[in-house]
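1. Okay, predicted coordinates and the sequence, questions at the end:
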Protein chains: 2
Amino acid sequence: MSLYAVIMAGGVGSRFWPRSRRAHPKQFLDVFGDASLIQNTFARLQPLVQPDDVYVVTNADYVAKTQEHLPAVPAENILGEPVARNTAPCIALAAAKLLARDPDATMVVLPADHLIANVGRFHDVLTVAVEAARTETDGSYPLVTIGIRPTHPETGYGYIQFDADGDRDGIVDDLSDEPKAHQVLTFAEKPDLQTAERFLDAGDFLWNSGMFIWRADAILAAFERYLPKVHRLFAPLADVFGTDAEADAIDDAYQRSPKISIDYGILEQADRVLVVPGSFGWNDVGDWRAVHELAEKDEAGNRAEGNVILQDTARSFARSADGRLLVLVGMEDAVVVDTGDAVLVCHREQAQKVKDVVDFLGVHGMEAYV
Amino acid sequence: MSLYAVIMAGGVGSRFWPRSRRAHPKQFLDVFGDASLIQNTFARLQPLVQPDDVYVVTNADYVAKTQEHLPAVPAENILGEPVARNTAPCIALAAAKLLARDPDATMVVLPADHLIANVGRFHDVLTVAVEAARTETDGSYPLVTIGIRPTHPETGYGYIQFDADGDRDGIVDDLSDEPKAHQVLTFAEKPDLQTAERFLDAGDFLWNSGMFIWRADAILAAFERYLPKVHRLFAPLADVFGTDAEADAIDDAYQRSPKISIDYGILEQADRVLVVPGSFGWNDVGDWRAVHELAEKDEAGNRAEGNVILQDTARSFARSADGRLLVLVGMEDAVVVDTGDAVLVCHREQAQKVKDVVDFLGVHGMEAYV
């Protein structure tokens, strides 16, 4: 009964522009100076998941780069998507692949580009989630997700409300508590600040981490019930895996697949969805603000990388390129990122909008910068 | 009775870093996109001063560049200072030079790097100042300066208080009034905001423009009286002008001269100093804040030069270099200047501090950027 991991690495992470580009997306960046985000994601699965049992689903264009970053992962475990169709088709493909290899496969699905500070606690939570996913009730296996104990009223994440069963221990966060699985009541979209504050106060809302644990057969059964079209496209691929027809068949399934997320398509519909709450220093590193927040900073709250001089500057992030000198004077809450061909100067609290600029560049034919 | 001009162009203008450099100081920059500041200063002297009668005193290193920028000025009129000794020695040299050429010379001394929007009114004021400088009273000629009618309580300029002689017309600014010369009462250093507001309310305080008009013999007489050491060094140069000994003699005088400003050394000491108030859109373009203030801007108060994209940005100045893309997101009151080898990101209200960074670079051996 092996445990498998499926790392979803299909996105560009355009909020990381100008460092992230179509040809060099976020998961390959060494945002925190040591290894790339995808390398860290892979590393923190050890020793729970063997390298041979790690799969990556990524854009077909990124397969070679993924192999470079994860040489321990067998090349055949790196699956290239011909077109982006959001998370549901990606997971359907991986589940079909795993089920063909191991009828008892349990899979951990996780994004390639998140940060986890406390790997020990992450392992504890993951172990409980795997156990829950392998526990049969009334002849079926649950879908399990990991929810993050919110530390502040974040408006940038979706939330998961769970059933505390009158169990105050389930609500009150205590790091010494053993993690346990709870029934999910609702998935909530990214809230406004007032709603986020209410969620935080309520105590039974968690951040949606985008990490899922389930048996491959259980998620495929859920596809059959809730996303039958996707199931019809991807489940039959089992017959061609390992043959010359595989690549074309996968290509065809993707071309005909709708774009739909696993959250919207399945988790919000399914009855038996569990969540294991966890607190392990998780961050989705969604934009430059998060990078600043997570980076080591000086007393003034500044983070400088490269040939940088800061004068009368506070709470700012500055990164120079190619040895070019970058000087900040009298700035507060600024993010400045030079990449040689482009310079971004952004207010820290508006880092989400960097994505809009990348969209603008694409629409206006400035492909060289995208 | 010719009128001569002496353009003082010895400074670096380090507040314009990274555009201004030791090898390319502020007066040679095309800050407003058309001609360089020194070219504009020269051009606005026409037709009052003939090109042959224009002199420039600059750093010896900048003589060639000055010739390039002002090809209409005879090469022998461009005087190179071997070392910077502030304005008094510079003016003593020019006065000695002019007196040797024309015993009746009247000289207009003006900085190379200021901006004047209304050249017609500047000419009116200058004409009145020249007339005053040529008017003998009790056997001597006055020293005349031009004072700018303040438009706001600026703390970055020195002030001149004049004697309104109970003449309310002298105090109340009226653009239709004929300019006239008033006796100077006091020179005031750069004030704090409260004092600047008091000056503005009083009505008899003007901004010190650094523009002076006097007969060459009158200023040399003032040197003899108030700065006798400088006079002893520079007045005798008249004997060597045009000889092989000239360059060495000037070099020697500068080496032995104290560093002192004409304001401090003479104007604040002399009895008969007049000021002609003027309103002609004057600005000393002291830093990037002034450039932003003076530049044409869009509705959001932004000025973009080069390959720049602004998103949700207001009251900012952005200039890219070498076609590199510069993107501002969510910024307010920012100045961003890329010069290829360096990028400055500065709060608009802290632009004065750019000078400190340049000092820092010099002290820390980062000569390549100075």
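-> Okay, I see it.

2. Please work out the average pLDDT along stretch A:346-355.
-> Averaged across stretch A:346-355, pLDDT comes to 95.

3. Quick check: buried residues in that stretch?
-> If you call a residue buried by 16 or more other CB atoms under 10 Å in any protein chain shown, then stretch A:346-355 has these buried ones: A:346, A:347, A:348, A:350, A:351, A:352, A:353, A:354, A:355. No exception for glycine: its C-beta is placed from N, CA and C like everyone else's.

4. For the nearest residue to the fourth one once chain neighbours are set aside, list the residues it contacts.
-> Taking CB to CB, 6 or more residues apart in numbering or on different chains as the measure, residue A:350 lies nearest to residue B:330, with 2.8 Å between them; neighbours along the chain are not counted. Contact partners of residue B:330, counting by CB atoms under 8 Å, 6 or more residues apart in numbering or on different chains, are A:346, A:347, A:349, A:350, A:353, B:311, B:312, B:313.

5. And residue B:330, how close does it get to residue A:308?
-> 21 Å (CB to CB, to the nearest Å).

6. mind listing the helices for chain A?
-> Counting by DSSP state H, one finds helices in chain A at the ranges A:37-43, A:63-69, A:87-101, A:119-133, A:168-171, A:193-202, A:216-226, A:228-234, A:246-256, A:262, A:288-294, A:354-363.

7. and of these, who's closest to chain B?
-> Minimum separation from chain B across those (CB to the nearest CB) falls at helix A:354-363, 5.4 Å.

8. Can the closest one be said to contact chain B?
-> Yes - counting by CB under 8 Å from any CB of the partner chain, chain B is contacted by helix A:354-363 at A:354, A:356, A:357, A:360, A:361.

9. Give me the mean pLDDT for stretch A:76-88.
-> Per-residue scores along stretch A:76-88 average to 95.

10. got it, and stretch A:158-172?
-> pLDDT averaged over stretch A:158-172 gives 75.

11. and what of stretch A:248-257?
-> 96.

12. now stretch A:103-120
-> If you average the pLDDT over stretch A:103-120, you get 96.

13. so where's chain A shaky on pLDDT?
-> A:1, A:166-177 (pLDDT under 70).

14. Quick check: residues of it near chain B?
-> Contact residues, chain A versus chain B (CB under 8 Å from any CB): A:18, A:309, A:311-312, A:318, A:320, A:324-332, A:334, A:336, A:338, A:340-347, A:349-351, A:353-354, A:356-357, A:360-361, A:366, A:369.

15. now do 7 Å
-> Residues of chain A lying near chain B by CB under 7 Å from any CB of the partner chain: A:309, A:311-312, A:324-331, A:334, A:336, A:338, A:341-347, A:350, A:353-354, A:356-357, A:360, A:369.

16. and residue A:327, bridged to which residues?
-> Under DSSP bridges, the beta-bridge partners of residue A:327 are residue A:309, residue B:344.

17. Go ahead and confirm it touches residue B:355.
-> No - Residue A:327 lies out of contact with residue B:355 (CB atoms under 7 Å); the separation is 12.0 Å.

18. How is chain A divided into domains?
-> A:3-283, A:288-369 (automatic domain parsing).

19. now those as CSV including distance to residue B:213?
-> Shown next, in CSV, are the domains of chain A (distance: least, CB to CB, whole Å):
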stretch, distance to residue B:213
domain A:3-283, 53
domain A:288-369, 37
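
20. hey, what's the most centrally placed residue in chain A bridged with?
-> Here the mean C-alpha position of chain A is nearest to the C-alpha of residue A:111 (CA atoms, centre = their mean), at a distance of 2.6 Å. Counting by DSSP bridges, residue A:111 is bridged to residue A:8.

21. Distance check, it against residue A:283.
-> Taken as CB to CB, the span from residue A:111 to residue A:283 is 11 Å.

22. What of residue A:105?
-> With distances taken as CB to CB, residue A:105 is found 29 Å from residue A:283.

23. Then residue A:255?
-> Per CB to CB, residue A:255 is found 35 Å from residue A:283.

24. quick revisit: give me the phi and psi for the residue nearest to residue A:350.
-> When read as degrees, to the nearest 10, the backbone of residue B:330 gives phi 70, psi 20.

25. now do residue A:269
-> Taking degrees, to the nearest 10 as the convention, residue A:269 sits at phi -100, psi -30.

26. Not including adjacent chain positions, what is the nearest residue to it?
-> Spatial nearest neighbour of residue A:269, chain neighbours left out: residue A:226 (4.5 Å); criterion: CB to CB, 6+ apart.

27. again, but for residue A:162
-> Leaving aside its chain neighbours, residue A:162 sits nearest to residue A:182 (4.0 Å; criterion: CB to CB, 6+ apart).

28. check contacts around residue A:223.
-> Listed by CB atoms under 7 Å, 6 or more residues apart in numbering or on different chains, the contact partners of residue A:223 are A:92, A:230, A:231, A:266.

29. Counting neighbours, which of those comes out on top?
-> Sorting the contacts of residue A:223 by how many neighbours each has (other CB atoms under 10 Å in any protein chain shown) puts residue A:92 first, at 27 neighbours.

30. How many residues are close by the residue nearest to that residue when sequence neighbours are not counted?
-> Among residues not flanking residue A:92 along the chain, residue A:234 sits closest, at 3.8 Å (CB to CB, 6+ apart). Neighbour count for residue A:234, taken as other CB under 10 Å: 27.

31. Would you confirm that residue A:234 contacts residue A:254?
-> No - using CB under 7 Å, residue A:234 is not in contact with residue A:254, being 9.1 Å away.

32. what do these two both touch?
-> Joint contacts of residue A:234 and residue A:254 (CB under 7 Å, 6+ apart) are residue A:89.

33. can you pull the contacts of the nearest residue to residue A:99 once chain neighbours are set aside?
-> Leaving out its chain neighbours, the residue that sits closest to residue A:99 by CB to CB, 6+ apart is residue A:216, at 4.2 Å. Shown in contact with residue A:216 (CB under 7 Å, 6+ apart): A:95, A:98, A:99, A:105, A:107.

34. List the contacts of the closest residue to chain B within the stretch 1-150 of chain A.
-> Here the residue of the stretch 1-150 of chain A nearest chain B is residue A:18; by CB to the nearest CB that distance is 7.5 Å. Listed by CB under 7 Å, 6+ apart, the contact partners of residue A:18 are A:337, A:339, A:342, A:344.
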